[in-house]
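Peer 1: just need the structure, nothing else, for what follows:
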Amino acid sequence: MTTARRTQTAGGDASTVRDVAARAGVSASTVSRVLGGTYPVAESTRARVLKAMRELDYVVNAHARALGGATNKTVAFVVDDVTGPFYAHIARGVEEQASAEGRLCMLCTTHGDPRRILAVVETMREQRADAVIVVGGAWEDKAYQDRMTHFAHALDRAGSRLVLVGRPPLGPGVPATVVDYDNEGGAFALTTHLLSAGHRRIAYLGRVPGLSTSGRRVRGFTRAHELLGLTPDPALILDGAFSRSYGYRATRELLDGGGEFTAVFAATDMIATGVVQALREAGRRIPDDVAVAGYDDIPVARDVYPALTTVHVPQEELGRAAVRLALHRDELPDGQHLVLGTHVVLRESTRRAGD
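Peer 2: Residues are numbered from 1 along each chain as shown. As a prediction, the model looks like this:
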């Protein structure tokens, strides 16, 4: 009987394709065909190979599979921070659709580091993931955009697909799927709602210079003012992170500095929760003294008091569409760019008594 090397718990040699072939009584090329799934193999032969793999505790080498032309049936989900409710709901959509398509979902976090995004994409290219889904705003930096364009082409050559969710396209001719939502339109509609209620001193909290998501929301905010011949007060447009703690600090700074405002447009619902806390501690009534609105419509928007007026983003559908379009590219034959709609959800945080 042929002696085969086995994977051991401490320091042993890992078994190889040749070991599996010897145990199964077939050629190494037949084992490769079973692993790749690209050539027909008799069912009885396949069963012997799989049995040998189990007995030898054989671990498939991802790089070898890539050279053989097979994908690894994986969808990679690349995100800054999965603990954020907005990203978590997109992740749920990705996972559900990936599972329905017979793929595993691999979660990769980048913690806001553009270099790590590029490193993850490169790793997934080497691993031959079916799709690499990058979620969240893009940094408006040419070098970064050029690298993403390079990886889009590299993934395409490897039979994979780059999918950008909530990000602008990389440019004409770049082989990437874009699943976006009407970011600027949502901000325009929400600002129009506040202006139509008579607010003229609206604070915008959470501008992030150079981030596409932020730029679009600020453009919608500004355009709504301009439509009425108004100009937002630059002193009321404040830079800051998309977090509850920032919303609290920024609101305290506005109040302590004597800034005059009757409404707050928080760039995200998480910022808005901090705004609500700071206003409540300062004795300001919502919405009678200050109206507050957010963006995203995550579950917390319904749980805060008063319930938060916000812009609804179809988060789970963004995730499902990203996987579906990456794996079935004929769904959008005229171009891989899908834009989902947004809409304002009116709740108590902007409604005055009697409205």
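Peer 1: hey, let's count contacts and neighbours off CA atoms from now on
Peer 2: Fine.
Peer 1: so which residues of the stretch 51-200 of the chain form strands?
Peer 2: With strands called from DSSP state E, counting those that start in this stretch, the stretch 51-200 of the chain shows them at 74-79, 104-109, 131-135, 162-165, 176-181.
Peer 1: need those in JSON lines (columns: mean neighbour count, distance to Arg201 and mean pLDDT).
Peer 2: Shown next, in JSON lines, are the strands of the stretch 51-200 of the chain (neighbours: other Cα atoms under 10 Å; distance: least, Cα to Cα, whole Å; pLDDT from 0 to 100):
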{"stretch": "strand 74-79", "mean neighbour count": "25", "distance to Arg201": "35", "mean pLDDT": "89"}
{"stretch": "strand 104-109", "mean neighbour count": "17", "distance to Arg201": "38", "mean pLDDT": "87"}
{"stretch": "strand 131-135", "mean neighbour count": "27", "distance to Arg201": "33", "mean pLDDT": "91"}
{"stretch": "strand 162-165", "mean neighbour count": "27", "distance to Arg201": "33", "mean pLDDT": "94"}
{"stretch": "strand 176-181", "mean neighbour count": "25", "distance to Arg201": "28", "mean pLDDT": "94"}
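Peer 1: would a markdown table of the ones you listed with distance to Arg23 be doable?
Peer 2: A markdown table is the format used below for these (distance: least, Cα to Cα, whole Å):
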| stretch | distance to Arg23 |
| --- | --- |
| strand 74-79 | 29 |
| strand 104-109 | 29 |
| strand 131-135 | 35 |
| strand 162-165 | 39 |
| strand 176-181 | 43 |
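Peer 1: right, so of these, which gets closest to Gly210?
Peer 2: Of all the strands of the stretch 51-200 of the chain, strand 131-135 sits nearest to Gly210, with 16.2 Å by Cα to Cα.
Peer 1: His225 is in contact with Pro232, isn't it?
Peer 2: Yes: taking contacts as Cα atoms under 8 Å, His225 lies within contact range of Pro232: 6.6 Å.
Peer 1: quick one: low-confidence residue ranges for the stretch 51-200 of the chain.
Peer 2: Across the stretch 51-200 of the chain, the ranges flagged by pLDDT under 70 are 58-72.
Peer 1: swap in 80 and give it another go.
Peer 2: The stretch 51-200 of the chain contains residues with pLDDT under 80 at 53-54, 56-72, 80-84, 111-118, 120-122, 125-128.
Peer 1: can you pull out the helices in it?
Peer 2: Assigned by DSSP state H, counting those that start in this stretch, the helices in the stretch 51-200 of the chain fall at 62-67, 85-100, 114-127, 142-157, 183-196.
Peer 1: check contacts around Ala152.
Peer 2: Arg161, Leu162, Val174, Pro175, Ala176 (Cα atoms under 8 Å, 6 or more residues apart in numbering).
Peer 1: identify whichever of the strands of the stretch 51-200 of the chain lies nearest to Asp296.
Peer 2: strand 176-181 (10.9 Å).
Peer 1: rewinding a little: of all the helices of the stretch 51-200 of the chain, which one is nearest Asp330?
Peer 2: Per Cα to Cα, nearest to Asp330 of the helices of the stretch 51-200 of the chain: helix 142-157, 15.3 Å.
Peer 1: now the closest one against strand 176-181, angle please.
Peer 2: 120 degrees (axes from the mean of the first three to the mean of the last three Cα atoms, to 10 degrees).
Peer 1: what's the burial count for Ile237?
Peer 2: Neighbour count of Ile237, defined by other Cα atoms under 10 Å: 17.
Peer 1: report the beta-bridge partners for the residue nearest the centre of the chain.
Peer 2: Nearest to the mean C-alpha position of the chain, by Cα atoms, centre = their mean, lies Val135 at 2.3 Å. Going by DSSP bridges, Val135 is paired in beta bridges with Val165.
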